[in-house]
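S.K.: starting from these lines, generate the structure:
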Amino acid sequence: MDTSTYLNAVVEQTDTFAGWVDGKDASAPVPTCPKWTLADLVEHVGATQRMVAMLVGERLSEPSSAFARQASAPADSAQWGAWLTEGVAEAKQAFDGVTDDTPVWDPSGAEAGVPFWSRRLFGEACIHRADAASAVGQQYELAPEYAVGATEDWLDTMTSRGYWENRPDYADAMRGNGQTLHVHATDAPGEWLARREADQIVLERTHGKADLAVRGPATDLMLVLSRRRPLNESPGLEVHGDRALLEHWLEHMDWVTD
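M.R.: Down below sits the predicted model:
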């Protein structure tokens, strides 16, 4: 998907999210993010979208001023729907005013800030809508091609040079000597091969033999990899190889819930 397609999907996902949470109990727990209440989840989604709107709209080369202006969600949950839809509209407008090569801070280290943030907002919207579904009792469904895109975002972020360098605890846990993980979506095109090295995780978009492989519907893969659904509660997924090695990957892939 390109930047425009990602942002259209972000608006769509956020509008659904907003409708689900508007007027709900702010203190309700979020089962998929045990440390969060529904108010925490709403604020995270809306504040992140506004922060990215500032980064992109103001073409910031470093994030301190955007971080310093973090937005707060309304205390009255009856205002959440409007606050969320206004925030995602700001983000869409910011991206409409730039091109993919506009210089914007890129925490991944790839120096492609606009494409990075468009896909990052997309991944956030897909995964946090699953969080909202768990909190308010909604049925969560996601088109397989969207789930592939969100999985791609998750894996790319978790294997990026910037993430490795900024999370030394993660880097220490994930150093390896060639251990491989193959992820394969069965209902939409999407395959990845990740390899743990001493100083990085190498990610390729390919099929290949691996120490362990996990395959199944794209939404199931996304929810398990993002730690929104336990592996043992995902009978639609097939695991081949060293299951303990997969559990090690999952234990440390805790970016969004951390």
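
S.K.: mind listing what's buried along the helix or strand hosting E247?
M.R.: Using DSSP states H and E, the element containing E247 is helix 243-252. Going by neighbour count (16 or more other C-beta atoms under 10 Å), the buried part of helix 243-252 is 245-246, 248-250, 252. Every C-beta, even on glycine, is put in place using the N, C-alpha and C of the backbone.

S.K.: how far is it from where the chain is centred?
M.R.: 19 Å (C-alpha atoms, centre = their mean, to the nearest Å).

S.K.: give me the helices and strands touching it, please.
M.R.: helix 168-174, strand 180-185, strand 212-216 (3 or more C-beta pairs under 8 Å, 6 or more residues apart in numbering; DSSP states H and E).

S.K.: quick check: buried residues in the longest one?
M.R.: It stands for helix 168-174. Residues 170-171, 174 are the ones in helix 168-174 that count as buried (16+ other C-beta under 10 Å).

S.K.: JSON lines please, covering those residues and showing distance to E204.
M.R.: Listed next are the buried residues of helix 168-174 as JSON lines, based on distance: C-beta to C-beta, whole Å:
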{"residue": "Y170", "distance to E204": "20"}
{"residue": "A171", "distance to E204": "20"}
{"residue": "M174", "distance to E204": "16"}
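
S.K.: if we can go back for a sec, switch the helices and strands packed on helix 243-252 over to a markdown table; also include mean pLDDT and distance to R161.
M.R.: Output for those, formatted as a markdown table (pLDDT from 0 to 100; distance: least, C-beta to C-beta, whole Å):
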| stretch | mean pLDDT | distance to R161 |
| --- | --- | --- |
| helix 168-174 | 94 | 10 |
| strand 180-185 | 97 | 18 |
| strand 212-216 | 97 | 24 |
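
S.K.: in JSON lines, list those along with distance to P74.
M.R.: Listed next are the helices and strands packed on helix 243-252 as JSON lines, based on distance: least, C-beta to C-beta, whole Å:
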{"stretch": "helix 168-174", "distance to P74": "34"}
{"stretch": "strand 180-185", "distance to P74": "38"}
{"stretch": "strand 212-216", "distance to P74": "39"}
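
S.K.: relative to E238, which of these is closest?
M.R.: Closest of the helices and strands packed on helix 243-252 to E238 is strand 212-216, at 5.1 Å (criterion: C-beta to C-beta).

S.K.: how distant is the helix or strand following that closest one from the center of its chain?
M.R.: Past strand 212-216, further along toward the C-terminus, the next helix or strand under DSSP H and E is helix 218-225. Relative to the chain's own centre, helix 218-225 is displaced by 11 Å; criterion: C-alpha atoms, centre = their mean.

S.K.: helices and strands around helix 218-225, which ones?
M.R.: Secondary-structure packing of helix 218-225 (3+ C-beta pairs under 8 Å, 6+ apart): helix 113-136, helix 144-158, strand 180-185, strand 212-216.

S.K.: turn those into JSON lines, columns for distance to M54 and mean neighbour count.
M.R.: Shown next, in JSON lines, are those (distance: least, C-beta to C-beta, whole Å; neighbours: other C-beta atoms under 10 Å):
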{"stretch": "helix 113-136", "distance to M54": "11", "mean neighbour count": "23"}
{"stretch": "helix 144-158", "distance to M54": "20", "mean neighbour count": "22"}
{"stretch": "strand 180-185", "distance to M54": "33", "mean neighbour count": "22"}
{"stretch": "strand 212-216", "distance to M54": "37", "mean neighbour count": "20"}
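
S.K.: nearest to A9, of the ones you listed?
M.R.: Per C-beta to C-beta, nearest to A9 of these: helix 113-136, 5.6 Å.

S.K.: other SSEs contacting the closest one?
M.R.: helix 3-21, helix 38-57, helix 80-96, helix 144-158, helix 218-225.

S.K.: winner for burial among the ones you listed?
M.R.: Across these, the average number of neighbours (mean count of other C-beta atoms under 10 Å) peaks for helix 218-225, which reaches a mean of 26.

S.K.: in this protein, what helix or strand scores lowest on average pLDDT?
M.R.: Ranking every helix and strand in the chain by mean pLDDT, DSSP states H and E puts helix 64-68 at the bottom, with a mean of 88.
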